[in-house]
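In: Let's see this in three dimensions:
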Amino acid sequence: MAWVYLLVAGLLEIAWAIGLKYSQGFTKLAFSIPTVVCMILSFFFLSIALRTLPVGTAYAVWTGIGAMGTALLGVLLFGEPASVKRFICIGLILAGVLGLRLVSSR
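Out: The predicted model follows:
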């Protein structure tokens, strides 16, 4: 169950990272409030996952999910560069996240 909590925490990290862009430095209240809520929930679910998972593994996976999702949504939502090299690097992050999951004893 800890891995499910960690996945939720990572997805919420993507949400708050994208929310930061839309909130424009917390100047737009309609985006700022959901962004802060996602931040709190992301940390909450990460903390639950840390009850069982090693901190290094959980933190690396949490940031990896956030980095991958945010980079992909940056391309889709904000027109950030979509080069092959960029997607290869995102794939390497995915490989690292999956690798940590596979070698984890929990």
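
In: What lies in contact with stretch 86-96?
Out: 60, 64, 67, 68, 71, 72, 75 (C-beta atoms under 8 Å, 6 or more residues apart in numbering). For glycine as for every other residue, the C-beta is placed from the backbone atoms N, C-alpha and C.

In: ok, now with 6 Å
Out: By C-beta atoms under 6 Å, 6 or more residues apart in numbering, the residues outside stretch 86-96 that reach it are 64, 67, 68, 71.

In: Also stretch 67-82?
Out: With C-beta under 6 Å, 6+ apart, stretch 67-82 has contacts from 14, 17, 18, 90, 93, 94.

In: pLDDT on that stretch, on average?
Out: Computed over stretch 67-82, the mean pLDDT rounds to 96.

In: Checking residue 3 next. Helix, strand or coil?
Out: Secondary structure for residue 3, judged by DSSP: H, G, I helix; E, B strand; the rest coil, is helix.

In: And the helices in the chain?
Out: Using DSSP state H, the helices of the chain run over residues 2-23, 29-49, 55-78, 84-103.

In: could those helices be laid out in CSV, adding mean neighbour count?
Out: Listed next are the helices of the chain as CSV, based on neighbours: other C-beta atoms under 10 Å:
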stretch, mean neighbour count
helix 2-23, 19
helix 29-49, 16
helix 55-78, 17
helix 84-103, 13
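
In: Next one: the residue lying closest to residue 3 once chain neighbours are set aside relative to residue 10, how far apart?
Out: Nearest non-adjacent residue to residue 3, counting by C-beta to C-beta, 6 or more residues apart in numbering: residue 101, 6.9 Å away. As judged by C-beta to C-beta, to the nearest Å, residue 101 and residue 10 stand 12 Å apart.

In: which ones are touching the residue nearest the centre of the chain?
Out: Compute the mean C-alpha point of the chain, and by C-alpha atoms, centre = their mean the closest residue is residue 66, 1.8 Å away. The neighbours of residue 66, taking C-beta under 6 Å, 6+ apart as the test, are 10, 13, 14.

In: Roughly how far does it sit from residue 18?
Out: For residue 66 relative to residue 18 (C-beta to C-beta), the value is 10 Å.

In: and if you look at residue 85?
Out: Counting by C-beta to C-beta - residue 85 and residue 18 are separated by 22 Å.
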